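> Provided below are the primary sequence and the corresponding predicted coordinates.
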Amino acid sequence: MDLSHPVYHILKIAEIKGALTGLTRAKPYSRSAVIRYLETASKNREKLDAHDLMLIESYLNEFKGQKSGLEYGNLAMQGGLGLFMAGITFESDYRLNINDFSHVHMFNALRLYMKGDISDFFSYYGCFGVTYDKVEPQCFSPYSFSKQWDGFHLGFGDPRYSTDGIEPIPYFSFVLENELTAQFFNDDLTVRFARLRRDWGESAGNLYLSENARPFEGVEIHARLAPAVNIAYNVGSLGNWLKENEQSSSNLSFQKMLTIQMLEFFPFDWFYLSVTSVAIWGKRFELGYLNPLMYPVMHQNLHGNFDNVAQIINCSFNIAGIARAYGSLFVDEMEFVSPQELFSRPRNMFAVQLGAQIPIPGLPATLLTLQYTKIEPFVYAHYPEEYLPTMSADIVDVSYTHDNENLGYYLPPNSDEFLIKIETLLFYNLFVGLKYQLIRHGTNDWDLLAGTPAIYGDVTIPFDYEQVDSYPDKSFLNDGIYDWNNIITLQATYSFPQFPLTLTLTYSFCYTTWVANASGVSPPDDVIKNIISVKLKIF
């Protein structure tokens, strides 16, 4: 089930109200899992209001029926292995910064797919798409731009090839998507081999595997070992097509792997706890990282300090069926020192997220999210490893990134964000959201300082361990040049009931100002952007 589907919204509300318990935080869910969750919530109808139940029944009707036929953009055939479907989807996204009409973004994608079920426990989906786009990151709110295409761009102008698509004329590119999923024991065991976007965690954008991250090919195992214990495991192939081709003559490779293991515990209906271990490692045949029960952080210590590892702890509390409070701690590197140095020395690299989600009484299927996220300097960055020659390169980038974007939260190091968000499902096919963000990010000019130790807020500039004692203390908002971003976003998505068309309208107001402090950098002029987006999807 695609992460953008509004059914995740009603599932979250049902869990906060106590109609659902024990949902894994490793998403996306399969369609059969979503159906089972909706049926369970429907049985606990005394904990839900009439509007919640209407939405649940609407989604059950949607998911239980097979969407086959020309009215759904596909042809269906019943074969010996089961129902086979082949079809098309079309998607467009047009964006305009009305403060500067030279900033126009266009994305169009035509996807050809085949999908089906083999018996009751195996499903498959394969897709190849062609895109026609003109990329303009200035048509996105600060730090929110994420690629929607894969690989390179090909055009008929000059240059013929483009690595990022940011050109004065449109270019062609492509998208690749696939999924093979098998489920056993009433879906308590799921094995998935897929290239898709994933969202592991509690919050609105997670610290370690976020829905904003680029899709990657990976093998997943999800096992409900006991009613109160679940394990989710993924090993995936990462890279960076953009950098790999920009630096074709360099001895730096971006061919790396991700192993993530999340142990989830549900000791009470109102309490959730997960312990997650992550490793980014240069591509090689490493059995320990391929074992779902091997703890990745500790496995690194069995063979030496070759890789980039992190430890994450998540927890949440449901409060009397009226709210959920949650917290997450991502530990990239930490030196056990005095409490004062824990928050002042840059070698202590961690991220923290605290939030609450509150269904608003009297407003149907409306959820208020309050969240604070802090990314300390050098989090997600990591020095290249020099011990693992791969792909004819001498060193391997093992930063916490894939395809030139963060795997975790979308903000760069040395940032924080205050988020207030209200989202509502007025009808099963009408989703409306209003969001305010205050994002603050600081860094220093690497060239101006000639690479001397300073607080840098760039995932491509790692901490230099050979100069540990030369770094100044952290002083957030004062230790570099900081951009302050105030962002208001209004969005509405409507799916037409009698026609296979989904329309999304978005407006964002963005105001950015800079504070130079003693960075030696001249601050840019303030920037105001009014961004309008029209997105449609057919089939």
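Structure received. Numbers count the residues shown, from 1 in each chain.

> what are the ranges of the strands in the stretch 301-450 of the chain?
Assigned by DSSP state E, counting those that start in this stretch, the stretch 301-450 of the chain shows strands spanning 308-319, 323-333, 349-359, 366-375, 395-396, 401-402, 405-406, 415-427, 430-443.

> What strands line up against the longest one, and which way round?
Based on DSSP bridges, the strands next to strand 430-443 in the sheet, each with its direction, are strand 415-427 (antiparallel), strand 481-495 (antiparallel).

> list the buried ones in it?
Neighbour counts over strand 430-443 (16 or more other CB atoms under 10 Å) mark 431, 433, 435, 437, 439-443 as buried. From N, CA and C alone the C-beta is placed, and that goes for glycine too.

> Same question for stretch 35-54.
Residues of stretch 35-54 classed as buried by neighbour count (16+ other CB under 10 Å): 35, 37-38, 40-42, 48, 51-54.

> Present the strands paired with strand 430-443 as JSON lines; the columns should include mean neighbour count.
Output for those, formatted as JSON lines (neighbours: other CB atoms under 10 Å):
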{"stretch": "strand 415-427", "mean neighbour count": "19"}
{"stretch": "strand 481-495", "mean neighbour count": "18"}
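
> residues near the residue nearest to residue 312 when sequence neighbours are not counted, how many?
Distances taken as CB to CB, 6 or more residues apart in numbering put residue 276 closest to residue 312, at 4.0 Å, once the chain neighbours are dropped. Neighbour count of residue 276, defined by other CB atoms under 10 Å: 27.

> contacting residues around residue 276?
200, 208, 260-263, 311-314 (CB atoms under 8 Å, 6 or more residues apart in numbering).

> Looking at these, spot the one nearest residue 219.
The closest of the contacts of residue 276 to residue 219 turns out to be residue 260 (CB to CB; 11.4 Å).

> Now name the helix or strand holding that closest one.
strand 256-268 (DSSP states H and E).

> For that strand, enumerate the helices and strands it packs against.
For strand 256-268, the packing partners by 3 or more CB pairs under 8 Å, 6 or more residues apart in numbering; DSSP states H and E come out as strand 229-238, strand 271-282, helix 296-303.

> quick one on the thing from earlier: a markdown table for the buried residues of strand 430-443, including pLDDT?
Listed next are the buried residues of strand 430-443 as a markdown table, based on pLDDT from 0 to 100:
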| residue | pLDDT |
| --- | --- |
| 431 | 97 |
| 433 | 97 |
| 435 | 98 |
| 437 | 98 |
| 439 | 98 |
| 440 | 98 |
| 441 | 98 |
| 442 | 97 |
| 443 | 96 |
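
> Can you tell me how far residue 211 is from residue 49?
The gap separating residue 211 from residue 49 is 28 Å, by CB to CB, to the nearest Å.

> so where's the stretch 201-350 of the chain shaky on pLDDT?
The model of the stretch 201-350 of the chain has pLDDT under 70 over residues 247-249.

> quick one on the thing from earlier: which stretch among the strands of the stretch 301-450 of the chain comes nearest residue 181?
Taking CB to CB, strand 401-402 is the member of the strands of the stretch 301-450 of the chain nearest to residue 181, at 21.5 Å.

> What count of nearby residues applies to residue 355?
Residues lying near residue 355 (other CB under 10 Å) number 20.

> so what's it bridging to?
Residue 355 has these beta-bridge partners by DSSP bridges: residue 326, residue 371.

> if I look at it, how far off is residue 373?
Distance, residue 355 to residue 373, using CB to CB: 8 Å.

> same question, residue 486
With distances taken as CB to CB, residue 486 is found 16 Å from residue 373.

> Export only the CA atoms of the lengthiest helix in the chain, formatted as CSV.
If you go by DSSP state H, the chain has its longest helix at helix 50-64. Output in CSV follows, covering the C-alpha atoms of helix 50-64 (Å, rounded to 0.1, in the frame of the first residue of the first chain):
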residue,chain,number,x,y,z
ALA,A,50,-19.5,7.5,13.1
HIS,A,51,-17.2,9.4,10.7
ASP,A,52,-14.3,7.0,11.5
LEU,A,53,-16.5,4.0,10.8
MET,A,54,-17.7,5.4,7.6
LEU,A,55,-14.1,5.9,6.4
ILE,A,56,-13.2,2.4,7.5
GLU,A,57,-16.1,0.8,5.6
SER,A,58,-15.3,2.9,2.5
TYR,A,59,-11.7,1.7,2.4
LEU,A,60,-12.7,-1.9,3.1
ASN,A,61,-15.0,-1.8,0.0
GLU,A,62,-12.1,-0.2,-2.0
PHE,A,63,-9.4,-2.7,-1.0
LYS,A,64,-11.5,-6.0,-1.0
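
> just checking, what packs against that helix?
Looks like helix 50-64 contacts helix 7-16, helix 31-43 (3+ CB pairs under 8 Å, 6+ apart).

> Reformat these as a markdown table; add mean pLDDT and distance to residue 417.
What follows is these, written out as a markdown table (pLDDT from 0 to 100; distance: least, CB to CB, whole Å):
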| stretch | mean pLDDT | distance to residue 417 |
| --- | --- | --- |
| helix 7-16 | 96 | 20 |
| helix 31-43 | 95 | 29 |
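
> For residue 337, which non-adjacent residue is closest in space?
Nearest residue to residue 337 in three dimensions, chain neighbours excluded: residue 345, at 7.0 Å (CB to CB, 6+ apart).
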